[in-house]
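> A predicted structure for the sequence below; I have some questions about it.
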Amino acid sequence: MLKFYKEYLVISFFCFLCSCGSTTDESLGDDFYYYQESRNSFIVLFCTSKGLFECNSGIQVIPSDIELINYNEDYIIAKTKTKDGDQFWLVDKKKFINKSNNKNSVFKYSNHIDFQNDKAKFGVNLDLKSPENI
């Protein structure tokens with residue numbers, strides 16, 4: 001009986017380790033991650049605590065249903081799909097890190113023209129891409 005429990009514990013531990021790395025966890029630099037929240041749901045997360053394999057906890061910066069995304073050392077841009085329509089996101093990574101989620105570091109737009117205008121105003125030379133191409 002004791003041998004059975006030992007084997008069960010070893011198998012359980014192995015399954016736990018396999019499941020830890022099963023999510024998509026793409027670094028966007030400066031502790032920002034494109035993270036798989038569930039099977040078909042991806043978010044941008046600012047990691048506040050790292051574990052052995054990945055980010056343990058963090059602040060959700062861009063909510064789920066990301067369709068398009070891109071980033072550089074200063075900014076993250078994204079397009080999300082909601083029941084109310086498309087939303088566009090512009091994140092100033094340096095301001096976010098220095099101000100801990102200051103309102104002036106994460107911008108949400110409900111129309112593409114305003115998003116494009118602010119990208120130009122801030123000098124963000126990025127185009128939205130499919131997540132597979134970042």
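Structure received.
> now the nearest residue to residue 131 once chain neighbours are set aside: which helix or strand?
Counting by C-beta to C-beta, 6 or more residues apart in numbering, residue 69 is the residue found nearest to residue 131 once chain neighbours are left out, at 5.5 Å. For every residue, glycine as well, the C-beta is placed using N, CA and C. Assigned by DSSP states H and E, residue 69 falls within strand 66-71.
> which parts of the helix or strand following that strand are buried?
Per DSSP H and E, the first helix or strand lying C-terminal to strand 66-71 is strand 75-82. Within strand 75-82, the residues scored as buried using 16 or more other C-beta atoms under 10 Å are 75-80.
> going by distance to residue 47, which of those wins?
For the buried residues of strand 75-82, the residue nearest residue 47 by C-beta to C-beta is residue 76; the value is 13.5 Å.
> next one: that closest one from residue 129, what distance?
Distance from residue 76 to residue 129, counting by C-beta to C-beta, to the nearest Å: 12 Å.
> what residues are shared contacts of these two?
69-70 (C-beta atoms under 8 Å, 6 or more residues apart in numbering).
> residue 79 is in contact with residue 128, correct?
Yes. Between residue 128 and residue 79 there is a contact under C-beta atoms under 8 Å: 5.5 Å.
> give me the common contacts of the two.
Here residue 128 and residue 79 have 68-69 as joint contacts, going by C-beta under 8 Å, 6+ apart.
> how close does the residue nearest in space to the middle of the chain get to residue 111?
The structure's the chain has its C-alpha centroid closest to residue 44; by C-alpha atoms, centre = their mean the separation is 1.9 Å. Separation of residue 44 from residue 111 (C-beta to C-beta): 20 Å.
> got any ranges where this structure has weak pLDDT?
Low-confidence segments of the chain, defined by pLDDT under 70, are located at 1-24, 39-40, 53, 98-102.
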